[in-house]
Structure formats: structure tokens, C-alpha cells
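> How does the following fold in three dimensions:
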Amino acid sequence: MAGDSRTRERRSGVTAGDRRQAGKKPARKVGRPATEGPSEAKRDAIAAAALELFSRSGVAAVSNKELGEAAGINPALIYYYFEDKDDLFQFVVRKALADALAAYDEIKKEKGGIDDLDAWLSSNLLLFGEITRFLKIILDYAHSGQRSAQTDAAIARFYETETGLIAHALGEEGAASGEAEDLARLVSVFLDGIMVARIVRPEIDSERLVDLMRGLLKHKTR
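Next up is the predicted model:
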């Protein structure tokens with residue numbers, strides 16, 4: 001069965017390592033007893049609250065008090081789970097990738113015959129709210145003037161994983177290697193654009209536009 005698992009990973013272009021890295025937890029602080037490791041549920045609650053508040057008000061404007069109230073914890077505990085706000089921001093980015101991969105896996109499981117590309121496109125539509133908030137906070141971060149190498153790397157990994165998965169799926173459908181990579185970048189930018197367009201022009205039919213893109217890609221890879 002292990003061989004079947006590895007085969008599925010090769011087909012999707014996403015390995016178990018990608019999923020582990022996407023949801024990678026911050027290192028435990030020196031001196032903290034192992035038995036006092038942070039609760040995953042509380043850390044995820046803080047991340048969910050941070051995504052909502054950061055997207056609404058901007059990263060710099062959100063206080064620990066607001067984060068604590070939204071997450072339902074004592075604000076003083078935030079730095080028990082995260083080194084600082086930058087560490088929290090990086091975790092939010094990693095969690096966005098982990099959630100997208102989890103939705104992709106679930107769609108693949110529920111719709112047995114669906115191909116990798118359709119599953120990824122569907123997962124983006126399913127996670128519209130979360131991905132839209134994700135885009136808002138990374139745009140805010142990009143214009144903050146307070147960038148960090150670690151956060152840049154976390155954001156880059158999100159898009160590298162996405163384009164790698166799409167390129168692999170297109171390659172499976174017959175696209176040449178270089179063409180598959182170019183098309184994957186195009187699809188990645190298209191998906192970001194759809195998320196923004198749904199906010200600016202809520203009347204657009206995003207599902208129809210995704211179907212049109214899918215049709216163009218099928219025609220291109222014949």
C-alpha cells in the first residue's frame with residue numbers, strides 16, 4: 001500500500017513532505033517542558049482569528065487584545081504559541097497552504113474520477129473566503145515596508161506548491177514540460193485574479209470563468 005501512496009503523490013505533484021511543510025509548527029521555545037506543548041486547536045484558533053482581523057484591518061493595526069478576544073484566549077498567551085507577530089503571520093501563510101491542500105485531497109477523495117487540475121480549481125472555489133483573506137493580508141504585507149526573509153519564503157512556498165501541482169497535472173494531460181510550467185503560472189495568476197474580481201465585481205460568475213479556463217487548457221494540451 002505504501003507503493004500506491006507514493007504513486008498517488010507522484011501523480012498529483014504534491015508529496016507528503018509538502019503537506020508536512022505546509023502545516024509545519026513553530027519550533028518549541030527553549031526551556032519549555034515538552035509536556036506543555038501548545039494546543040494545536042488553540043494555535044489554529046489564533047491563526048483563524050489573525051487571518052480574519054489582518055485581512056480586515058491590516059497586520060500592523062491588530063492588537064494582541066483583539067486577537068485574544070477573537071480567538072477566545074487570554075491575549076498574554078499569544079506569545080506562548082508564537083515567537084512574535086511575524087511568526088504568527090508565517091504560520092497563517094503556511095496554514096493557508098495546508099488548508100488548500102486538505103481541500104484538494106478531500107475533493108479528490110469525494111469525486112473519485114476527478115483529475116488533479118479540476119480538483120485544485122474546485123478547491124480554490126470552495127475556499128473562496130479564506131483565500132481572499134489570504135490575498136488581502138499578503139498584499140498588505142507586500143506594501144508594509146517590513147518584509148522578512150522567512151515570511152517571503154512562506155509565501156513563495158505557497159505559490160511554488162500551487163504551480164508545481166498545476167504543472168504536473170498539465171504534464172499528465174500531454175503538455176510539454178516548459179509549456180506546462182508557463183501555463184501553470186498563468187493559471188495561478190488567473191486564480192488570484194478571480195478572487196480579487198469576486199470582491200470588486202461580485203456579479204461575475206467565477207465558476208463559469210474557471211470552466212472556461214479549464215476548456216482552454218484542455219484545448220491547449222490536446
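
> What segments of this protein are strands?
Read by DSSP state E, the chain holds no strands at all.

> Which strands or helices does the helix ranked longest in it pack on?
Secondary structure of the chain read by DSSP state H shows that its longest helix is helix 85-110. On a contact count with 3 or more Cβ pairs under 8 Å, 6 or more residues apart in numbering; DSSP states H and E, helix 85-110 meets helix 16-22, helix 40-57, helix 116-126, helix 128-142, helix 149-172. For every residue, glycine as well, the C-beta is placed using N, CA and C.

> Switch the ones you listed over to TSV; also include mean neighbour count, distance to residue 63 and mean pLDDT.
Formatted as TSV, the helices and strands packed on helix 85-110 follow (neighbours: other Cβ atoms under 10 Å; distance: least, Cβ to Cβ, whole Å; pLDDT from 0 to 100):
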stretch	mean neighbour count	distance to residue 63	mean pLDDT
helix 16-22	15	28	54
helix 40-57	19	9	89
helix 116-126	21	32	87
helix 128-142	18	16	87
helix 149-172	18	20	89
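
> now the longest helix of the chain, how far from the chain's geometric center?
Taking Cα atoms, centre = their mean, to the nearest Å, one finds helix 85-110 lying 4 Å from the centre of the chain it belongs to.

> would you turn the helices and strands packed on helix 85-110 into a markdown table with distance to residue 67?
Conversion of the helices and strands packed on helix 85-110 to a markdown table gives the following (distance: least, Cβ to Cβ, whole Å):
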| stretch | distance to residue 67 |
| --- | --- |
| helix 16-22 | 22 |
| helix 40-57 | 6 |
| helix 116-126 | 26 |
| helix 128-142 | 13 |
| helix 149-172 | 17 |
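
> So for this structure, the centremost residue is which one?
Central residue of the chain (Cα atoms, centre = their mean): residue 97, 2.5 Å from the mean position.

> was I right about that residue contacting residue 159?
No - the criterion here is Cβ atoms under 8 Å, and residue 97 misses it with residue 159 at 9.3 Å.

> Identify each buried residue in the longest helix of the chain, please.
Residues of helix 85-110 classed as buried by neighbour count (16 or more other Cβ atoms under 10 Å): 85-105, 107-108.

> Same check on stretch 58-65?
Buried residues in stretch 58-65, counted by 16+ other Cβ under 10 Å: 58-59, 62.

> Adding pLDDT, write those out as a markdown table.
Below are those laid out as a markdown table (pLDDT from 0 to 100):
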| residue | pLDDT |
| --- | --- |
| 58 | 85 |
| 59 | 84 |
| 62 | 90 |
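
> Pick out whichever of these sits closest to residue 143.
The closest of the buried residues of stretch 58-65 to residue 143 turns out to be residue 58 (Cβ to Cβ; 9.5 Å).

> Having no further points to raise, I will conclude here.
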